[in-house]
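Asks: okay, sequence plus prediction incoming.
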Amino acid sequence: MTKTTLRPRRVFLKNLSATTLLAGTMTQTSCATRKPLSVSAPKATSPNDHIQVAAIGMGIMGFNNCKTMLQLPGVQLLTVCDLYDGRLKRAQELFGDEVAVTKDYRSILADSKIDAVIVSTTDHWHAKIAMEAMTQGKAVYCEKPMVHKLTEGLPMIKVQAETGRVCQIGSQRVSSAVYLKAKELYESGAIGSLILAEAFWDRQSALGAWQYSIPRDASPQTVDWATFLGNAPVVDFDPVRFFRWRNYRDYGTGIAGDLFVHLFSGLHIITGSLGPMRIYTSGGLRHWKDGRDVPDVLVGVYDYPETQRHPAFNLQVRVNFVDGGGGGQEISLSGTEGKMIIGDTSVKVLRNKMGKAPGFGGWDTYDTFDEQNQQDFSAWYEENYRGVSDRTESTTEEFHAPEGYNDHLDHHAKFLDAVRLKETTVVEDPAFGFRAAAVALASNQSFFESTIVKWDPESMQLT
């Protein structure tokens, strides 16, 4: 974590206050409270704190990352790199003609004026560019998933350790005030002992299914196709592959690398988990049969082992790109005494604490006993549970972020904190980022190989 004294955008989380539990006779009772999450404004910086940034990869997230980081004080965007002419023109339209443009990321890494780079390329370029950037002395903000292949994770962690460069992975839920409140609630025992986590992220739109727009001038003259391919198999120029690259395994990581990884990083920051040990996924290409070689429906089940931070529990994850219900997303954690539901801007805790006595009658075998046995059982129960309640105590608490709250801004602010302070401890370092990405990549392996994947979350290796 960075030092709070220099944090440009600080998040203050209120301590969980005790909620009175209301009792009822043989029924659930409830007490609902609604509380705000407190978020502070960005802090001003001195001229000496200014950071000069370059962006490599100016697709959707490249522009999004630049726009977000430039909202923070003390940031100057010097150069952007992309392989399509139109995006370089668009960068200067938005950020000014004084921003230099290039198709060669190596010129950015060689520029001593640049302090930090934002890597928002296709997945198959992430690790290579990030490692080269750190080796050449740059701080790195690398989009999720951190790597394209499992074999790239440990080498990237090693490069960061050897160079001592700041490297933060771009899964903003790790910095979210909502997820940090959920972490606080979880650690306070708000839901008891964790049993089951569930997460889904469904969509119902062509753009949500990665059928992105393709400019009319896309051609070998406006796109550096050879550089785009990198280590991928050589194929003829195809604008669909270039602009809709998430649909292809050669360049992207599909549903798991785009969306599952957010769910894993959110769950891991709340629970302190390092990851699961058994991974199994299933799904298929049900609707978007547009030439893609990745599924549009993916369902995963995961076994998380017991650690000092959490008990053994199970996780169920789902993404559906053709949800006739309209889509939506959520993470929930179910424990022995409550359930936590985490959305984009809120966290809700539903507590249902069972009484220590089991009770009898109702939907129970008691009414099937003959009259004498009912009397005998009633007397036995009274003797063994005298004074022990069988009531279920139920409460609800909700915490909401302010309108317009932006966790992406917080994530970038924490990255800039680390750059200014020259700290290598960041909110999402390569080890954390790889542990989330690795589960996503193993999810793909399970799907494409129709097998259960066994993973060691501590050593970060297949077993």
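Replies: Noted; the coordinates are in hand.

Asks: tell me the buried residues in stretch 92-106?
Replies: Neighbour counts using 16 or more other Cβ atoms under 10 Å place 95, 99-102, 105 of stretch 92-106 among the buried residues. Yep, even glycine has a C-beta here, placed from its N, CA and C like the rest.

Asks: and what of stretch 256-276?
Replies: The neighbour-count check on stretch 256-276 (16+ other Cβ under 10 Å) flags 256-271, 273-276 as buried.

Asks: compute the first-to-last residue distance for that stretch.
Replies: Criterion Cα to Cα, to the nearest Å; first-to-last residue distance in stretch 256-276 is 15 Å.

Asks: now do that stretch: distance to the chain's middle.
Replies: Centre-to-centre, stretch 256-276 and its host chain are 6 Å apart (Cα atoms, centre = their mean, to the nearest Å).

Asks: please parse this protein into its domains.
Replies: 4-42+177-358+388-401+429-462, 47-173 (automatic domain parsing).

Asks: which SS class is the residue nearest the centre of the chain?
Replies: Centroid-nearest residue in the chain, with Cα atoms, centre = their mean: His262, separated by 2.3 Å. At His262, secondary structure determined by DSSP: H, G, I helix; E, B strand; the rest coil is helix.

Asks: look up how far Gln76 lies from it.
Replies: Per Cβ to Cβ, to the nearest Å, His262 is found 29 Å from Gln76.

Asks: give the rounded mean pLDDT of the longest helix along the chain.
Replies: Longest helix in the chain, counting residues (DSSP state H): helix 430-449. Average pLDDT, helix 430-449: 98.

Asks: so what secondary structure elements neighbour that helix?
Replies: Contact here means 3 or more Cβ pairs under 8 Å, 6 or more residues apart in numbering; DSSP states H and E; on that basis helix 430-449 packs against helix 153-163, strand 167-170, helix 261-271, strand 278-284, strand 297-304, strand 453-456.

Asks: deepest of these, which one?
Replies: Counting by mean count of other Cβ atoms under 10 Å, strand 167-170 has the highest mean neighbour count of those, with a mean of 28.

Asks: all helices for this protein, in order.
Replies: Under DSSP H, the chain gives helices at 60-69, 85-95, 105-109, 126-135, 153-163, 177-187, 225-229, 239-243, 254-255, 261-271, 371-385, 407-421, 430-449.

Asks: and the contacts of the shortest one?
Replies: When you say that, I think you mean helix 254-255. 246, 283, 294-296, 298, 319, 321, 444 (Cβ atoms under 8 Å, 6 or more residues apart in numbering).

Asks: which among those residues count as buried?
Replies: For the contacts of helix 254-255, a burial check counting by 16+ other Cβ under 10 Å picks out 246, 283, 294-296, 298, 319, 321, 444.

Asks: now, which of the residues you listed sits nearest Ala182?
Replies: When the buried ones among the contacts of helix 254-255 are compared for distance to Ala182 (Cβ to Cβ), Val319 wins out at 20.6 Å.

Asks: got a list of what the closest one touches?
Replies: Listed by Cβ under 8 Å, 6+ apart, the contact set of Val319 reads 200-203, 255, 259-260, 297-298.

Asks: make it 10 Å
Replies: Going by Cβ atoms under 10 Å, 6 or more residues apart in numbering, Val319 touches 199-203, 254-256, 258-260, 263, 283, 295-300, 329.

Asks: ok, now Asn352?
Replies: Taking Cβ under 10 Å, 6+ apart, one finds 28, 30, 191-192, 335-339, 392-396 in contact with Asn352.

Asks: these: which two are farthest apart?
Replies: Farthest-apart pair in the contacts of Asn352 is Ser30 and Thr336; separation 18.4 Å (Cβ to Cβ).

Asks: and stretch 213-228, what's buried?
Replies: So, applying 16+ other Cβ under 10 Å, buried residues of stretch 213-228: 218, 222-223, 225, 228.
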